[in-house]
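Asks: Based on what follows, work out the 3D shape:
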Amino acid sequence: MTQGILLFAHDNEQIQYSLLAAWQARRIHKWLNKPVSLVTDANSLAVLRQHDLEQEFDHIILSDADTDQQKPYTDRLLTFKNINRIHAFELTPYDETLVIDTDIAIQSDRLNIVWNNAEDYLVCRNCKDLLNRNWSALKYVHNTGIEFYWATLFYFKKNPTSKRFFDLCAHIKTNYTDYIKEYGIRDSYLRNDHVWSIAVHELGGKSIPTSLWYSIDKDTISNMNQNAVVVNGVKVQGQDVHIMNKFSLMEYARKELGCE
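Replies: Numbers count the residues shown, from 1 in each chain. Okay, the predicted model is just below:
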């Protein structure tokens, strides 16, 4: 049984997800000791080659993002190309796959708990705000709605049960307008988190059995190395952190990669 990590990286106007993927691949090799495959497009791959970072990945899979959408991020409007993770099932080269967003700072081996799991797929549910803020929208898709699951982190085996899950995710994506009406979702932008949440609600599923800390896009990093990160004065060491402020993360990731 082969096991490995799958990353998706499609650069946009201001965020070089390709470099974030290379930064994260180094941490995955250090902390999780698993092979890393990257799904990316030709333009993003060119950025990696420019910085001689192709070798950070065990496999590179060329696949154009099949959906672009513009949406506000911090104080600007950017194009996001992150919907093609619904194709993770057919793109992965592994029997067991862990998909990780490129803005998660891996600082522990905790995620190795997923391997050889009894479950066919696991989706991230146990997330904690770094500053103990209570965000109801990150617990339920709306106040009286279904539970919120994060597509930022999920595990699956390559078998018929998982394929059924991904087929449903693709169906939800295609018919997203109908689904957000049915589930009372007010955000009209297509969100992987909402697609995954609906699919888990309809098919069932369990959470990855470890917690993930997160900071929001207005939080900033004041210090970071391969073992710890300080966000808004809070130091986290020995635990993984989802850092949503990609501009702040890019600054430190480029330093670690030597791309300043």
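
Asks: thought E202 was touching L168?
Replies: Yes. If you go by C-beta atoms under 8 Å, E202 and L168 touch, sitting 6.5 Å apart. From N, CA and C alone the C-beta is placed, and that goes for glycine too.

Asks: Pick out whichever of these two has more residues nearby.
Replies: L168 (17 against 14; other C-beta atoms under 10 Å).

Asks: what's the helix or strand harbouring V123 packed up against?
Replies: With elements delineated by DSSP states H and E, V123 resides in strand 121-124, which encompasses its position. Other elements packing on strand 121-124 under the criterion 3 or more C-beta pairs under 8 Å, 6 or more residues apart in numbering; DSSP states H and E are strand 150-157, helix 160-174, strand 206-207.

Asks: Swap in 7 Å and give it another go.
Replies: Counting contacts by 3 or more C-beta pairs under 7 Å, 6 or more residues apart in numbering; DSSP states H and E, the secondary-structure elements packed against strand 121-124 are strand 150-157, strand 206-207.

Asks: Can you name the residues in contact with that strand?
Replies: Residues outside strand 121-124 that contact it (C-beta atoms under 7 Å, 6 or more residues apart in numbering): 114, 149-150, 152-156, 162, 165, 196, 200, 205-208, 212.

Asks: Repeat the analysis, applying 6 Å as the threshold.
Replies: With C-beta atoms under 6 Å, 6 or more residues apart in numbering as the contact definition, strand 121-124 has outside contacts at 149-150, 153-156, 162, 165, 196, 200, 205-206, 208.

Asks: and those, which are buried?
Replies: The neighbour-count criterion (16 or more other C-beta atoms under 10 Å) marks 149-150, 153-156, 162, 165, 196, 200, 205, 208 among the contacts of strand 121-124 as buried.

Asks: Would you mind giving me the confidence score for the residue lying closest to D58 once chain neighbours are set aside?
Replies: Beyond its immediate neighbours in the sequence, the residue positioned closest to D58 (C-beta to C-beta, 6 or more residues apart in numbering) is P35, lying 3.9 Å away. Listed pLDDT for P35 reads 98.

Asks: P35 and T97: what is the separation?
Replies: 11 Å (C-beta to C-beta, to the nearest Å).

Asks: Look at these two and report which has more neighbours.
Replies: The neighbour comparison of P35 against T97 (other C-beta under 10 Å) goes to T97, with 24 against 18.

Asks: pLDDT score for the more buried one?
Replies: T97 carries a pLDDT score of 98 in this model.

Asks: Could you list the buried residues of stretch 216-225?
Replies: Residues 216, 219-221, 224 are the ones in stretch 216-225 that count as buried (16+ other C-beta under 10 Å).

Asks: model confidence over that stretch, on average?
Replies: For stretch 216-225, mean pLDDT is 90.

Asks: residues making contact with it?
Replies: Applying C-beta under 6 Å, 6+ apart, the set of residues contacting stretch 216-225 from outside is 74, 230-232, 244-245, 248, 252.

Asks: Could I get the helices and strands packed on strand 121-124 in a markdown table, plus columns for mean pLDDT?
Replies: Rendered in a markdown table, the data for these read as follows (pLDDT from 0 to 100):
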| stretch | mean pLDDT |
| --- | --- |
| strand 150-157 | 95 |
| strand 206-207 | 94 |
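
Asks: I'd like these written out as a markdown table, with distance to V141 added.
Replies: As requested, the helices and strands packed on strand 121-124 are exported to a markdown table (distance: least, C-beta to C-beta, whole Å):
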| stretch | distance to V141 |
| --- | --- |
| strand 150-157 | 12 |
| strand 206-207 | 16 |
